[in-house]
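**Q** this one's sequence-less:
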């Protein structure tokens, strides 16, 4: 059997896509997963373009792989994902050692691209946007992780002024409702207990159900009915598309976890308007309160961009104000990165980089303080957790995850990966919790 090594940059959508690449290559080309790059017949880099210098990160990796190819001329190198979609033929021109370039929407063509390259030894490029076609070619899963991703839609129509996703993943296209349920059912039959529904703008899902457009809320209701599925998450949601029926489902579907990632990006209405986010701080806070009314124990995480072009001290303080008012749990924050073909990249910006770094440091310190505070509050409580893996540091321990996605390390008794277990939280650390098995019988 030939062997493939896949390296993944970026988001959970890319993790899902990489898993599907492997499924395709296993079923159509008889590949198996290589344990290292040196063992591989095919190297795949699944790329992300969301941050600045993403292209350089890709070419540095290609340079490292070229050294392997120099000693193994039969080795194939394939570049996929959003940088591939963004750069296309430029990748081949700058790095002739690359054999195949494909986009997020053409990963299903990878087996044919490999065959064509083997036939005529010429580089193959396909970064087209054939809508939702790729899902028609992805094999039905015959295995399941304890927690599994399921992509429900692709692309985004929001065109936020800072974001390159509409250019690299295309316009929004939703999968067929029943196809998603079939994938979830197959995963559930093979050991999955938690489903994580994915989309760049997941709460604008409009897949066809019996010929009519559906919604994420309706999809969640049906996923919850599938045997063995005990937890449901979704990412990434846009506040503008968080409709009333999705808020209401928190009051009626206990399988939906009491945690949601709801990117706000900034606490300043002026900056939000420049970002083209389509909501105000007031509307965002109203949404938070409505979700809390439906599920009082909700926790929220978010994304923040610091140093957006011409962000004032007052704008930054407004971001700190919303952080303190909501009390976000684990969140992500970055200094603004200008991306190709986005309006924000052309905006004037007079804020020095050192000031932006200082603001990021202030924000991250506060976010970390809040997150650690939530962890400390969990000490002494009993948490229902899903066992996901063995501990990376101690093979005698297991890792489990709480509803708010905290990692808990513990010593098992008669437990196995994929079980739900009640753990008493003994201590909180920077990035994890310590627990012990709690017998409630």
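**A** Cool, the structure landed. Since this is a predicted model, take the numbers as computed values, not measurements.
**Q** Is it correct that residue 326 is in contact with residue 287?
**A** No - contact criterion CB atoms under 8 Å: residue 326 and residue 287 do not qualify, at 10.6 Å. For every residue, glycine as well, the C-beta is placed using N, CA and C.
**Q** neighbour count winner among those two?
**A** Using other CB atoms under 10 Å, the more surrounded residue of residue 326 and residue 287 is residue 326, with 21 against 18.
**Q** Backbone dihedrals for that one, both of them.
**A** Main-chain dihedrals, residue 326, degrees, to the nearest 10: phi -80, psi -40.
**Q** measure it to residue 409 for me?
**A** Residue 326 is 29 Å from residue 409, where distance means CB to CB, to the nearest Å.
**Q** cool, and residue 243?
**A** Using CB to CB, residue 243 is found at 38 Å from residue 409.
**Q** same check, this time on residue 120
**A** Distance from residue 120 to residue 409, counting by CB to CB: 52 Å.
**Q** Those two: which has the busier surroundings?
**A** Neighbour totals were compared for residue 120 and residue 409, and residue 409 leads with 19 against 8 (other CB under 10 Å).
**Q** Pull the residues that contact the helix or strand hosting that one.
**A** Per DSSP states H and E: residue 409 is located in strand 407-410. Contact with strand 407-410 is made by 383, 385, 391, 393-394, 397-402, 423, 425, 431-437, as judged by CB atoms under 8 Å, 6 or more residues apart in numbering.
**Q** what about the helices in the chain?
**A** If DSSP state H is used as the criterion, the helices of the chain fall at 12-29, 54-71, 81-87, 89-94, 110-120, 165-169, 177-189, 216-223, 244-248, 269-275, 281-294, 313-326, 353-378.
**Q** buried set for the last one?
**A** Read that as helix 353-378. Of all the residues in helix 353-378, those buried under the rule 16 or more other CB atoms under 10 Å are 356, 359, 360, 363, 364, 366, 367, 370, 371, 374, 375, 378.
**Q** For the fourth one, list the residues it contacts.
**A** When contacts are counted by CB under 8 Å, 6+ apart, residue 363 is found next to 304, 306, 316, 319, 320, 323, 333.
**Q** which one of the buried residues of helix 353-378 is nearest residue 219?
**A** The closest of the buried residues of helix 353-378 to residue 219 turns out to be residue 374 (CB to CB; 28.8 Å).
**Q** quick one: the closest one from residue 278, how far?
**A** Going from residue 374 to residue 278 by CB to CB gives 29 Å.
**Q** Mean confidence (pLDDT) on stretch 2-11, please.
**A** Stretch 2-11 carries an average pLDDT of 94.
**Q** Now that stretch: buried residues?
**A** Using 16+ other CB under 10 Å as the test for burial, stretch 2-11 gives 3, 4, 5, 6, 8, 9, 10, 11.
**Q** Residue 46 is in contact with the fifth one, correct?
**A** Yep, that's residue 8 we're talking about. Yes - counting by CB under 8 Å, residue 8 touches residue 46, with 4.6 Å between them.
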